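[1] based on what follows, work out the 3D shape:
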Amino acid sequence: MHSSPVKQDAMGEPMRPTFLVAEDDEDDYAFLHGAFEKLCPEAHVIWVRDGEELTDMLFEAGARTPSLLLLDLNMPRKDGREALKEIRERGEYDAMPIIVLTTSASAADLRYVSQFRGTSHVTKPVGISPYEDLVRRAVLMAVPPG
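    Purely as a prediction, here's the structure:
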């Protein structure tokens with residue numbers, strides 16, 4: 001996959017897609033970041049390590065809505081379930097795609113993700129290649145061709 005075309009804002013400046021990654025595991029984040037650098041180098045990738053940091057950043061006055069959120073379900077302080085619920089309860093984030101990452105494929109997790117309108121539920125991959133597949137999907141969801 002080649003990098004996505006960069007759209008321009010009203011002033012003719014390039015609009016870089018912004019991907020927010022809520023992930024407490026440094027290795028998982030490193031795999032994701034490396035995949036973004038390879039597949040969508042123009043992307044702005046923001047990393048937060050827990051649900052509290054995520055919601056604080058998102059709900060900050062004047063914060064720009066990310067193109068897509070990659071959300072780990074199992075994080076410290078405030079887990080991804082609680083963060084997902086809070087995000088979806090605020091109307092301004094209804095259109096933001098959210099890919100939920102988890103180490104389990106439990107029926108309860110799948111129901112929760114569905115209940116709070118997670119766009120997709122993905123079991124965390126092992127190794128770099130599956131992370132590249134995940135990022136490829138994320139880029140296509142957030143930056144449609146054309």
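[2] would you map the strands across the protein?
    Secondary structure of the chain, counting by DSSP state E: strands at 7-8, 14-15, 18-22, 44-48, 68-72, 98-102, 120-123.
[3] parallel or antiparallel, which strands does the third one pair with?
    Translated: strand 18-22. With DSSP bridges as the test, strand 18-22 is paired with strand 44-48 (parallel), strand 68-72 (parallel).
[4] tell me which of these sits most buried.
    strand 68-72 (a mean of 26; mean count of other C-beta atoms under 10 Å). Yep, even glycine has a C-beta here, placed from its N, CA and C like the rest.
[5] put the alpha carbons of that strand into CSV.
    Once non-C-alpha atoms are left out, strand 68-72 reads as follows in CSV (Å, rounded to 0.1, in the frame of the first residue of the first chain):
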residue,chain,number,x,y,z
LEU,A,68,-9.6,7.2,13.9
LEU,A,69,-9.1,5.8,17.4
LEU,A,70,-7.3,2.5,18.1
LEU,A,71,-8.5,1.6,21.6
ASP,A,72,-7.0,-1.1,23.9
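[6] any idea of the mean pLDDT for it?
    Across strand 68-72, pLDDT averages out at 90.
[7] for the strands paired with strand 18-22, give me CSV that also has distance to L134.
    As requested, the strands paired with strand 18-22 are exported to CSV (distance: least, C-beta to C-beta, whole Å):
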stretch, distance to L134
strand 44-48, 13
strand 68-72, 8
